[in-house]
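Pasting the sequence and the predicted model now:
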Amino acid sequence: MEKENVIVVNNMYKSFKHNDILKGISLTLQKGENLGVVGKSGIGKSVLIKCIVRLIEPDRGEVDVLGTNILKCNDIELNEIRKKVGYLFQGGALYDSMSVRENLLFPIRRTQFVDKMHDAQELIEGSLRSVGLIDAIDKMPSELSGGMKKRIALARTLILKPDIILYDEPTTGLDAVTSGEISELIIKIREEYNTASIIITHDMKCAKIATDSIKIMKDGRFLEQGTYDQLSRSEEKEIRDYFI
Amino acid sequence: MARIKISVIKQRLKGRLKVKEETRNFYNGIFIDLGELILFTGKVIRQFFQPPFEFRELIKHSFLLGNKSLALVGVTGFIMGLVLTMQMNPILTDFGAQTLLPGVIAVSMIRELGPVITGLICAGKLSSGIGAEIAAMTVTEQIDAMEVSGSRPLSFVVASRVLATTLVVPVLVIFADAFSLLGAFLAVNIFESMPFTLFINLSFSMLDFVDLLPATLKTVFFGFFIGLIGCYKGYTAGRGTESVGHAANTAVVASSLTIFVIDLIFVLITSIL
């Protein structure tokens, strides 16, 4: 049986001034799938997922998220879709004036996800347990290490129980051990929350552990798609070079 | 020889064209900025009426912003009153109109100098602070994180701060006015002895309700635009760390200029009425 498509991007273009970043990108993400997008820095991988949630407006193309064309949504409809899409930012983007507890409470409170405070506390603790950082609940972001910040940011993403998670360089700036832990965590979250994910990375170890299939991006287009094993054994040297 | 001349002419032409393009970009930028600010204002005003309302944030920012500027505004008001009285005293004495001194000081401070100077202080202190704070949030993607979780940062971050400055600036102006009268009272007593009640009676003898209403009303607009411009500059900041400083800087310049424009509009309206 064919799986349901949760994200369909069709022929998307984006340029900044005279610099073409995305040149007719198309991709499909299915329910429960972890899709990796790899490529060199500055080629527009982050722009791609920002366009998917309309943090950046694409110039042309179609973007369907959970069956809704988000480019035709008004603000209210867009907010409703965004509640179902989690986004892990490169630097974590924790609210530095709030404690970890408040960081996690914030999206619940603002989106009125639960009515009672008691339920919110349960959700916060459950989410922190999922990332293994329940002890950090009353700490401030400035007291956390890079890896902890990423985990807390992931816990905050999970709190609204999203159907899709977009990971923007989840292992950048972390040591090899912590990177491995984050990659394992991505898999664990998929199993626990039944999410579909797009993982933007140039960390091939992360791509190997956390993705089902990989798309290689170059010059604003996808060069090739396949599993880690298929691509790493590709006949083309250009493709194999990404896996060295 | 002829070749050299042509190349020099080409270079000069290129230079002129570049200057022309830069000038055009600069003026285009002003209009684009103005248009975006108007759209931003509309979005922010809409947030005032959309739940969930952030009363806790409003109270927090009102306290922080007000508390932060209270001492500066008080001291400035006091010195302004003192200096203005010391400057005016010899002039009015020459005309034998010394008894008018408290009234003249009260009118000039409450009608014009108090609101404008407090407005400028708030533009420097509050608008830049708000601009830098929100720009830092933009640079570290905190605003994007709110946006992408459907948490409506315009309501939480912007509307609460704009409302806070709208409420706080009029209070600060009243505070500055009061301290300026205290300064004036002290200065008057340097030249001659005058009881406080008489000073207050003389001060308010020249003031009408129509003086107080526009003076207070314009400070509400000052507060609104100080908050709004600070938030706008922070919200639309670029991605680099230098954009934090740029946001703070441009917020001060734009809100100071706006204060003068609002003041001019109110003076024109009140003079017509």
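Alright, I've got the coordinates. The structure displayed is predicted, hence computed values, not measured ones.

Might you enumerate the residues of chain A proximal to chain B?
Within reach of chain B by Cβ under 8 Å from any Cβ of the partner chain, chain A has these residues: A:50, A:53, A:55, A:79-80, A:82-83, A:85-87, A:89-91, A:93-96, A:106-107, A:109-112, A:153, A:156-157, A:160. Using the backbone N, CA and C atoms, a C-beta is placed for each residue, glycine as well.

ok, which stretches of chain A are helices?
Here chain A has its helices, by DSSP state H, at A:45-52, A:75-83, A:100-111, A:117-130, A:146-158, A:176-193, A:204-210, A:228-232, A:237-240.

Output these in CSV, with mean neighbour count and mean pLDDT appended to each entry.
Converted to CSV, the helices of chain A look like this (neighbours: other Cβ atoms under 10 Å in any protein chain shown; pLDDT from 0 to 100):
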stretch, mean neighbour count, mean pLDDT
helix A:45-52, 23, 93
helix A:75-83, 16, 88
helix A:100-111, 20, 89
helix A:117-130, 16, 84
helix A:146-158, 24, 89
helix A:176-193, 17, 88
helix A:204-210, 20, 90
helix A:228-232, 16, 88
helix A:237-240, 12, 82
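
How about A:Ser183: what's its closest non-neighbour residue?
A:Ile209 (3.9 Å; Cβ to Cβ, 6 or more residues apart in numbering or on different chains).

Show the contacting residues for the one you found.
When contacts are counted by Cβ atoms under 8 Å, 6 or more residues apart in numbering or on different chains, A:Ile209 touches A:Gly180, A:Ser183, A:Glu184, A:Ile186, A:Ile187.

What residues of the strand or helix carrying B:Ile79 count as buried?
Here B:Ile79 sits within helix B:55-94, counting by DSSP states H and E. The neighbour-count check on helix B:55-94 (16 or more other Cβ atoms under 10 Å in any protein chain shown) flags B:57-58, B:61-62, B:65-66, B:69, B:72-74, B:76-78, B:80-82, B:84-86, B:88-89 as buried.

Which neighbouring elements make contact with it?
Counting contacts by 3 or more Cβ pairs under 8 Å, 6 or more residues apart in numbering or on different chains; DSSP states H and E, helix B:55-94 is packed against helix B:101-107, helix B:114-122, helix B:160-191.

Including distance to chain A, could those go into a markdown table?
Output for the helices and strands packed on helix B:55-94, formatted as a markdown table (distance: least, Cβ to the nearest Cβ, whole Å):
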| stretch | distance to chain A |
| --- | --- |
| helix B:101-107 | 42 |
| helix B:114-122 | 22 |
| helix B:160-191 | 12 |
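
Double-check B:Ala248 against B:Ala136; I have them as touching.
No. Checked against Cβ atoms under 8 Å, the pair B:Ala248 and B:Ala136 is beyond contact range at 9.8 Å.

coming back round to it: now do the helix holding B:Ile79 against helix B:114-122, angle only.
130 degrees (axes from the mean of the first three to the mean of the last three Cα atoms, to 10 degrees).

how near is B:Met88 to chain A?
Applying Cβ to the nearest Cβ, to the nearest Å, the value for B:Met88 to chain A is 46 Å.

ok, what's across the strand from A:Ser197?
Beta-bridge partners recorded for A:Ser197 (DSSP bridges): A:Asn34, A:Ile165.

and A:Phe222, what does it touch?
A:Ile25, A:Ser26, A:Leu27, A:Lys215, A:Ile216.
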